[in-house]
Structures are given as C-alpha cells and as structure tokens.
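Q: can't give you the sequence, but here's the structure:
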C-alpha cells in the first residue's frame, strides 16, 4: 500500500472530502503545470496481471492541445486523489503517472487516454540486436530504464536481490521483454525480473519498481469489515480456474553448452487445499488414484530461462510461480469508501459474511477520481479466517 497517514486511512469510512488534482509536463517531468479534471471523468485502473499496470482516462481542463499543451509525443500526466477529513488539509495520494495517448478536444476539455510509463519503455525498442551483460541486475535495469526514460528512478523492494548476477543475453528488439518476462527465439525466458523471482512495473508515483511476486502469505495492509464504520457491502464471489497451475517445472539453459539447470519442481502439497496436486505428482503420479484422492487434478506450468544459473535460483522461481498461480479468482465490490493508497498486489482481509473473514490478494482495482467507491478483483483460497 502507498504511504498514507493513519488519520487519513481512518477518515475513509466516514464523511471526508475527495478533491482531485492533475499536472502535465512536456519536458520529461522536469517541470509540471497544474490543470483541472472535469468532474467524474477520470477513471483509474491498476492491474498487476497486465504489462502496463496503471491505465486511466480523463478529461483535462485549463490546458490546450498541441506542442505547447497535451500531445501524444511528449506529454506526461500525473493524477492525484485527495483525502480531506473535517477541519484538516487534504492528504494527496498519487494515482499514476502516465503518457498521453489519443488526445482530442471536446466541449469540456481535452479528453485523453493514459498509459503507465511501461508503455514508453515498450516503445523504446532496440534499434539492432544487442548483447547485454553479464552484470548485476541493478546495473542492467538502471541502464535499460535510463535509456528509455531519462531521469526516472528505479526502486527495489525487499525480497528481491538487486545485486544478483545476470548472465550475458542477446536481445533483438523488445526492451520491456528483457526487463520483465520476455522470451528469445527458442522460447526460453529472458526477462530479468522474472529470473529474480519477481516482477517489474511503474508504480502510482511513476517509479519503475522491482519486487517479489506477491502471495496470500504477505502482510495484510487493510481490513474491510461490515457494520457501523465498515466499508464492505455484500461481496460478489465469482470462481474461476483461469491461469491456475498447481505444479511448476522450472529449468535453466543458457544455450552455451553448459549443463542444463534443473528441472526443479514445486507443487501444491497441502491436502487441505482445493488445488492439492497430490503427495508427489512428479515421481508418483498414480498416488491419488491409489490413495483414493479422486478430486486431485494436476495442472502443469512450465518455465525455462537462459538467465537461471543455479538450482537455488530455479527453486526460488518455482515457488514464486506456484504462489502466483494458485487461488480461486473472486470478485469483491466495495462501496461507500475508496482507498486510493491500495495497490494491485496488496493483501487485504475482508468480512465476507458476518464474523467470517477471508484473506484476499488484490490482482486489480478500479475507481473514479473523486468517487467514494472502488471495485477490486481479488484472489483467495478456500480457507477462511474466523
């Protein structure tokens, strides 16, 4: 969750003001100019399963169209959501830094589609085949991001090692694929973040961030309850097995003649889990039949990367892949409160029935600037916290 004072977080469930702020820049963020936002026009979506995490649409006022205003070449836009408790100043929470796309002049202002800074990195492809590394991940990521986005900082969250050595790789065109989770012509993964058992994204402040793959075991950042002072209305559960894999096979092959790393395996070994893969689906796949475990179903995911250089690294990636692909998809609808500090990838606890609490990992969220409600798409298990 983005930094938010405790008093502002408590104010969300009560009567509080929700002012909106916007700024635009045509010089890479060296200077920013304030502009207005037409009421109810700015919709924000943050989705950790998408290549571009933050997307938005808005109608900006007090600014023109063209070289000296909003244009699709050089314009960046920053949006902010304010929280204003009674007799206090607003607390401003960033709601994304974006590149402007398809601006058009309308009756009330400049309507524009907005994409997170990943979009600029994707557009800045390599003009020719390029050999990258070997170097520490921190040096490579800083270099590759800096070439596409001069002056944009890179942040590393705890749980991912920026000093891990990345072996040499050959990149053809796609800069973002090298940074994130791309593949070479042979189908082997070449993404630096994925090889570190992590992911990369532009956060709500416009900082390029690398962090571990979130799991339901992460710290709960927000509790949404029912009743007086609560913020959750009747949830709308929707189960789906899309993207589910309960057995991962991970290996490394640099293609240089060196021994192949792995494969290593990670599977759901919890008999109480709905996605239990059996006691050992690799060496004893008939065990469920022999033991009468008739509900066991194995769904295999595979990952191979030329950047995997050790068994330990492969095991770490396998665990991360497993954690990211387990869980039944569920939808929660929140009303009467919008927490703009919440991030995709956060873990919350929700009182889905009176006195019954579930832990949910937020895969995506959406809200309108200035509105009191938001929607979350979350992932959970069948277990409940009581």
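A: Looks like it came in fine. Please read these numbers as outputs of a predicted model, since none were measured by experiment.

Q: in the stretch 251-386 of the chain, which ranges drop under the pLDDT threshold?
A: 254-257, 327-331, 333-336, 381-386 (pLDDT under 70).

Q: what ranges do the helices span in it?
A: 287-291, 311-325 (DSSP state H, counting those that start in this stretch).

Q: what's the answer for the stretch 1-150 of the chain, then?
A: Under DSSP H, counting those that start in this stretch, the stretch 1-150 of the chain gives helices at 6-11, 118-123, 137-148.

Q: Relative to residue 342, how far out is residue 43?
A: Remark: distance between residue 43 and residue 342 (C-beta to C-beta, to the nearest Å) = 16 Å. Any C-beta I mention is one placed from the backbone N, CA and C, and that applies to glycine too.

Q: Return the set of buried residues in the top strand by length along the chain.
A: Assignment by DSSP state E gives strand 91-105 as the longest strand of the chain. If you call a residue buried by 16 or more other C-beta atoms under 10 Å, then strand 91-105 has these buried ones: 91-100, 103.

Q: Who has more neighbours out of residue 43 and residue 342?
A: For residue 43 and residue 342, the more surrounded residue by other C-beta atoms under 10 Å is residue 342, and the numbers stand at 24 against 15.

Q: wait, isn't the more buried one in contact with residue 361?
A: No: if you go by C-beta atoms under 8 Å, residue 342 and residue 361 don't touch, sitting 11.8 Å apart.

Q: what's the spacing between residue 310 and residue 164?
A: From residue 310 to residue 164 the distance is 10 Å (C-beta to C-beta).

Q: quick one: which of these two has more around it?
A: For residue 310 versus residue 164, neighbours defined as other C-beta under 10 Å are more numerous around residue 164 (16 against 11).

Q: which non-adjacent residue is nearest the more buried one?
A: In space, and not counting its chain neighbours, residue 164 is closest to residue 137: 5.1 Å by C-beta to C-beta, 6 or more residues apart in numbering.

Q: which residues sit in contact with the one you found?
A: Shown in contact with residue 137 (C-beta atoms under 8 Å, 6 or more residues apart in numbering): 161-166, 192, 196, 210.

Q: Which two of those residues have the greatest separation?
A: Greatest spacing in the contacts of residue 137, by C-beta to C-beta: 165 and 210 (15.4 Å).

Q: And these two? Which one has more around it.
A: Using other C-beta under 10 Å, the more surrounded residue of residue 165 and residue 210 is residue 210, with 24 against 13.

Q: For that one, give the beta-bridge partners.
A: Following DSSP bridges, residue 210 is listed with bridge partners residue 156, residue 200.

Q: okay, now the domains of this structure?
A: Listed domain ranges for the chain are 6-117, 120-212, 220-240+328-380, 247-325 (source: automatic domain parsing).
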